[in-house]
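Engineer: need a 3D model of the sequence below.
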Amino acid sequence: MTTVADVISVIERRFPPSLAEEWDAVGLSVGDPARAVERVHFAVDPTRAAAAEAVAAGAQMLVTHHPLMLRGVTSVAATTSKGSVVHALVEAGVALYTAHTNADAGEGGVCDALASAIGMRVDGPLVPHPDDAGIGTGRIGAVEATTLERLAGRLAEVLPATAQGVLYAGDPGLPVRRVALVGGAGDSFIDAAVAADVDVYITADLRHHPVLEARESASLRAGTPAFINVSHAASESLWLAGIADEVARETGVAVHVSTLNTDPWTGRVSSPSI
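Structural biologist: Predicted coordinates:
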């Protein structure tokens with residue numbers, strides 16, 4: 001019999017909780033470690049829709065990338081958004097487990113999956129973990145010679161479709177070989193990307209001022225780094241298939257990776273001149 005604890009063991013061998021940032025909330029947040037598991041559902045976000053999908057699929061465990069309880073709450077009443085998720089899972093006997101920044105940093109996780117999708121040869125982390133220089137935040141490496149616009153197009157092809165699409169900042173024809181990337185929100189690592197002397201930095205949730213300042217500085221050099229801004233949820237979705245396969249292989253349980261689009265943006269209107 002496979003239990004929730006057995007599934008957790010497989011995930012944490014790959015992505016130890018010790019790799020998580022201090023502010024993070026990873027691990028089991030709902031459920032009994034001794035509960036028997038026959039089916040595990042994987043999703044980016046622990047939304048009500050993801051919980052309902054897991055329940056409808058007959059899963060006994062939901063594994064998500066983002067935590068349900070990252071920010072403190074004072075109530076999990078069923079009338080609250082987070083509480084409604086907790087109640088739906090508890091009533092159906094579904095455990096909830098989260099692998100967040102530990103899956104960002106770990107080998108085979110968020111960043112490696114994103115790099116693999118664009119054919120990037122990974123040389124190492126953008127920001128090494130203090131306890132293991134071979135892993136850490138982001139990835140740095142090289143792709144076959146391309147341009148900024150073509151690389152942005154490649155990302156649009158391999159990532160789940162979103163209303164935002166893929167944005168880029170820089171000369172569309174800029175030659176690109178050296179790449180840095182961070183899955184999820186990464187504008188706090190712009191300085192690291194600049195210091196790494198890459199041609200382009202790929203991440204999500206890029207803000208106006210950090211990018212504008214970096215592009216102004218880039219104009220004094222060779223125009224690098226350029227930037228590619230992708231959907232947060234989309235950039236953190238690709239790793240789920242790999243860990244789901246590993247869980248299935250190691251435990252024999254059935255697995256399913258959700259295709260729910262949890263990007264909050266539902267539409268976009270382009271300016272007429274663009």
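Engineer: what mean pLDDT does the longest strand anywhere in the chain get?
Structural biologist: For the chain, the strand that runs over the most residues, judged by DSSP state E, is strand 175-185. Regarding strand 175-185, the rounded mean pLDDT is 99.
Engineer: buried residues, that strand. List them.
Structural biologist: Residues of strand 175-185 classed as buried: 176, 178-184 (neighbour count, 16 or more other C-beta atoms under 10 Å). (Each C-beta comes from the backbone N, C-alpha and C, glycine too.)
Engineer: would TSV of these with distance to D24 be doable?
Structural biologist: Formatted as TSV, the buried residues of strand 175-185 follow (distance: C-beta to C-beta, whole Å):
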residue	distance to D24
V176	32
R178	29
V179	26
A180	22
L181	20
V182	15
G183	14
G184	12
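Engineer: closest one of the residues you listed to G93?
Structural biologist: G184 (30.4 Å; C-beta to C-beta).
Engineer: surely that closest one meets S237?
Structural biologist: No - using C-beta atoms under 8 Å, G184 makes no contact with S237, being 10.5 Å away.
Engineer: mind listing the shared neighbours of the two?
Structural biologist: Counting by C-beta atoms under 8 Å, 6 or more residues apart in numbering, no residue touches both G184 and S237.
Engineer: what's A50 sitting at in phi/psi?
Structural biologist: Backbone torsions for A50, taken as degrees, to the nearest 10, come to phi -70, psi -40.
Engineer: relative to D263, how far out is it?
Structural biologist: Distance, A50 to D263, using C-beta to C-beta, to the nearest Å: 13 Å.
Engineer: tell me which of those two has more neighbours.
Structural biologist: Using other C-beta atoms under 10 Å, the more surrounded residue of A50 and D263 is A50, with 24 against 19.
Engineer: OK, contacts around that one?
Structural biologist: So A50 contacts 41, 43, 62, 64, 258, 260, 262 (C-beta under 8 Å, 6+ apart).
Engineer: in a markdown table, list these along with secondary structure, pLDDT and neighbour count.
Structural biologist: Converted to a markdown table, the contacts of A50 look like this (DSSP: H, G, I helix; E, B strand; the rest coil; pLDDT from 0 to 100; neighbours: other C-beta atoms under 10 Å):
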| residue | secondary structure | pLDDT | neighbour count |
| --- | --- | --- | --- |
| H41 | strand | 99 | 25 |
| A43 | strand | 99 | 25 |
| L62 | strand | 99 | 29 |
| T64 | strand | 99 | 25 |
| S258 | coil | 98 | 21 |
| L260 | coil | 97 | 17 |
| T262 | coil | 97 | 23 |
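Engineer: show me where the stretch 1-150 of the chain has its strands.
Structural biologist: Along the stretch 1-150 of the chain, the stretches classed as strands by DSSP state E, counting those that start in this stretch are 27-30, 39-43, 61-64, 95-98, 121-124, 127-129, 132-137, 139-147.
Engineer: among these, which is the most enclosed?
Structural biologist: strand 61-64 (a mean of 27; mean count of other C-beta atoms under 10 Å).
Engineer: that one: partners in the sheet, and parallel or antiparallel?
Structural biologist: In the sheet, strand 61-64 lines up against strand 39-43 (parallel), strand 95-98 (parallel) (DSSP bridges).
Engineer: which one, of these, ends up nearest to S9?
Structural biologist: When the strands paired with strand 61-64 are compared by C-beta to C-beta, strand 95-98 sits nearest S9, at 11.1 Å.
Engineer: got any ranges where the chain has weak pLDDT?
Structural biologist: Regions of the chain meeting the criterion pLDDT under 70 cover residues 274.
Engineer: where do the domain boundaries of it fall?
Structural biologist: Using automatic domain parsing, the domains assigned to the chain come out as 4-100, 106-235.
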